[in-house]
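Student: Fold the following, please.
(chains A, B and C)
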Amino acid sequence: MAVEVRLPMILQKVAGGAKTVKVEGKSIREVFDNLEKNHPGFASRLFDNEGNLNHFIMVYVNNEDIRLQRGMQTELKDGDVITLLPAMAGGEDCCR
Amino acid sequence: MADIRFSEEQIRRYSRHILLQGVGGKGQRKLLGASVLLVGTGGLGSPAALYLAAAGVGKLGLVDFDVVDLSNLQRQVLHHTHDIGRLKVESATTAIHDINPDVQVVPHTVRLSSENALNLVAGYDIVLDGSDNFPTRYLVNDACVFKSKPNIHGSILLFHGMATTFLPGKGCYRCLYPVPPPPGTVPSCQEAGVLGVLPGIIGIIQATETIKLILGIGEVLSERLVFYDALTMEFKEVKYKRNPRCPVCGEEPSITRLIDYEEFCGLR
Amino acid sequence: MKKFMDLRGTCCPYNWVKVKLELEEVDNGDQLEVLLDDGEPIRNVPRSVTQEGHALLKVTPEGEHFRLLIEKRGEK
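Tutor: Numbers count the residues shown, from 1 in each chain, chains lettered A, B, ... in the order given. The predicted model follows:
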């Protein structure tokens, strides 16, 4: 069973430049585990040192926030689209 | 507001609004009587300010302590080449008055801080967040929650942007992102660049939200967030809800007054 | 062939902007030697170099400055 994961630009490098990746998994947890297996480096960007999902990245399944569902246990169907949205600030100049 | 009579010039200037069903003279009076605080007059604040001014929003507060730099002109359309070195609030005031002298501009040449934010926010109906850093974003958010002000949010990075309208009681930036990314983990625009037209799109979405909110028409982007990808020209909408455990707007808030936002964002 | 750029006194992001422009001009495998200030420049420029897929061959401190040896790698 495969789902599509849409990657923000800051994570596309980890997937060799791909904007979206197909990943197997029946839950968000499984998908993220497989993502790390296929493209090592994801886990360190998605999770903090204690293994919790970083609070500055929102995870959506078909436009619904997983925090409003079952979080990492949120179940997935074939063809679901997962979107990762990191916080963004704007453009700072450092030379002041 | 209802007793304000339009001058002949105003009737011509605002005729396209007055003609619109749902706006009319009544709506235009609401715009003329409204006040908006723009935090930042950069990439997002520029297009927002220009359209709010053109629309005849009566009072625009501008918060910016910065001066115009040559590298701003690629996207910050309030400022012009001859403004380089000028305070942004000054060049913004000129640009706004050039478009519409009806608009009262209140320049606040300060860095928004925990000391001044509540007072500033309290003086306006609506806050438009066009800031460029996480400490200010969280500060604007918390101040709007504490003063029950709508916070029209827009943010950008590289080729992407997002916008939403945080209405009091309907969730806040912390419900979306409880904490900012640790410094250095997300490239800043200064490191990675930004497509010049991108803040134009997002800033104009913010202005549209502001105008709808003032007019009380349509459906604002409350509990919804629009994510825009300039490369694919896709707008994606996602939903969010107030987090009952939000430290600021939740049932039992742990943050009840403004904090040290530089420290909160790991910058101290 | 090896090019040299003295970027002392050039602040972020203009130091990286200049390096990036130079790297666009040269061929794969060509080397670029860059002299950078301490602080933000030495923290940011090497990171951008590797993020863009180029090789950072050597970083040598020279007093208050740093000498970087960069090798251009394949265009992305």
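Student: Just the CA coordinates for the particular helix or strand that has B:Thr93 in it, please, in CSV.
Tutor: B:Thr93 belongs to helix B:88-99 when elements are defined using DSSP states H and E. C-alpha atoms of helix B:88-99 as CSV (Å, rounded to 0.1, in the frame of the first residue of the first chain):
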residue,chain,number,x,y,z
LYS,B,88,11.3,52.5,5.7
VAL,B,89,8.3,54.1,7.5
GLU,B,90,9.2,57.4,5.9
SER,B,91,9.4,56.1,2.4
ALA,B,92,6.3,54.0,3.0
THR,B,93,4.4,57.1,4.2
THR,B,94,5.3,59.0,1.0
ALA,B,95,4.3,56.0,-1.2
ILE,B,96,1.0,55.6,0.6
HIS,B,97,0.1,59.3,0.4
ASP,B,98,1.0,59.3,-3.3
ILE,B,99,-1.7,56.7,-3.8
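Student: which outside residues touch that helix?
Tutor: Helix B:88-99 has contacts (CB atoms under 8 Å, 6 or more residues apart in numbering or on different chains) with B:41-42, B:45-46, B:49-50, B:53-54, B:60, B:62-64, B:66-68, B:76, B:78-80, B:83, B:103, B:105, B:107-109. Where you see a C-beta, it was placed from the backbone N, CA and C, and this is true even at glycine.
Student: residues of the very next helix or strand once past it that come out buried?
Tutor: Going down the chain from helix B:88-99, the next helix or strand is strand B:104-108, by DSSP H and E. By 16 or more other CB atoms under 10 Å in any protein chain shown, the buried positions in strand B:104-108 come out as B:Val105, B:Val106, B:Pro107, B:His108.
Student: Run the chain-centre distance for strand B:104-108.
Tutor: 15 Å (CA atoms, centre = their mean, to the nearest Å).
Student: quick one: strands adjacent to that strand?
Tutor: strand B:59-63 (parallel) (DSSP bridges).
Student: Output the strand it pairs with as CSV, nothing but the C-alphas.
Tutor: C-alpha atoms of strand B:59-63 as CSV (Å, rounded to 0.1, in the frame of the first residue of the first chain):
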residue,chain,number,x,y,z
LYS,B,59,-5.6,54.6,9.3
LEU,B,60,-2.5,52.5,8.7
GLY,B,61,0.1,52.0,11.5
LEU,B,62,3.5,51.0,10.2
VAL,B,63,6.0,49.3,12.5
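Student: can you state the direction angle for that strand and helix B:88-99?
Tutor: Here the directions of strand B:59-63 and helix B:88-99 differ by 150 degrees (axes from the mean of the first three to the mean of the last three CA atoms, to 10 degrees).
Student: Can you get me a residue count around the residue in chain C that chain A sits nearest to?
Tutor: Per CB to the nearest CB, C:Cys11 is where chain C lies closest to chain A, at 3.7 Å. By other CB atoms under 10 Å in any protein chain shown, 15 other residues sit near C:Cys11.
Student: C:Asn44 is in contact with that one, correct?
Tutor: No. Applying CB atoms under 8 Å as the test, C:Cys11 and C:Asn44 come out as separate, 10.0 Å apart.
Student: Neighbours of residue 4, how many?
Tutor: You didn't say which chain, so I picked chain A. When neighbours are counted by other CB under 10 Å, A:Glu4 registers 13.
Student: could you do chain C instead?
Tutor: 10.
Student: quick one, what contacts it?
Tutor: Contacts of C:Phe4 by CB under 8 Å, 6+ apart are C:Leu32, C:Glu33, C:Val34, C:Leu35.
Student: could I get the residues you listed as JSON lines with distance to B:Asn72 and neighbour count?
Tutor: Shown next, in JSON lines, are the contacts of C:Phe4 (distance: CB to CB, whole Å; neighbours: other CB atoms under 10 Å in any protein chain shown):
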{"residue": "C:Leu32", "distance to B:Asn72": "29", "neighbour count": "22"}
{"residue": "C:Glu33", "distance to B:Asn72": "32", "neighbour count": "16"}
{"residue": "C:Val34", "distance to B:Asn72": "26", "neighbour count": "26"}
{"residue": "C:Leu35", "distance to B:Asn72": "28", "neighbour count": "19"}
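Student: Output these as a markdown table; include the columns pLDDT.
Tutor: As requested, the contacts of C:Phe4 are exported to a markdown table (pLDDT from 0 to 100):
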| residue | pLDDT |
| --- | --- |
| C:Leu32 | 97 |
| C:Glu33 | 97 |
| C:Val34 | 97 |
| C:Leu35 | 97 |
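Student: among those, which are in helices?
Tutor: Using DSSP state H, no member of those falls in helices.
Student: out of these, which touch chain A?
Tutor: Among the contacts of C:Phe4, not one lies near chain A by CB under 8 Å from any CB of the partner chain.
Student: Make JSON lines out of the residues you listed and add distance to A:Gly17.
Tutor: Listed next are those as JSON lines, based on distance: CB to CB, whole Å:
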{"residue": "C:Leu32", "distance to A:Gly17": "23"}
{"residue": "C:Glu33", "distance to A:Gly17": "29"}
{"residue": "C:Val34", "distance to A:Gly17": "26"}
{"residue": "C:Leu35", "distance to A:Gly17": "31"}
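Student: Please report how far B:Asn151 lies from B:Ser113.
Tutor: To B:Ser113, B:Asn151 is 17 Å away according to CB to CB, to the nearest Å.
Student: That should have said B:Gly25, apologies.
Tutor: Distance from B:Gly25 to B:Ser113, by CB to CB: 40 Å.
Student: repeat for B:Gly61
Tutor: 15 Å.
Student: between those two, which one's more packed in?
Tutor: B:Gly61 (21 against 15).
Student: Verify the stated contact: the more buried one with B:Val106.
Tutor: Yes. Between B:Gly61 and B:Val106 there is a contact under CB under 8 Å: 4.5 Å.
Student: ok, back up a step: quick one: buried residues of the helix holding B:Thr93?
Tutor: For helix B:88-99, by 16+ other CB under 10 Å, it's B:Lys88, B:Val89, B:Glu90, B:Ser91, B:Ala92, B:Thr93, B:Ala95, B:Ile96, B:Ile99.
Student: separation between the closest residue to chain B within chain C and B:Val127?
Tutor: The nearest approach of chain C to chain B comes at C:Pro13, 5.2 Å away (CB to the nearest CB). As judged by CB to CB, C:Pro13 and B:Val127 stand 29 Å apart.
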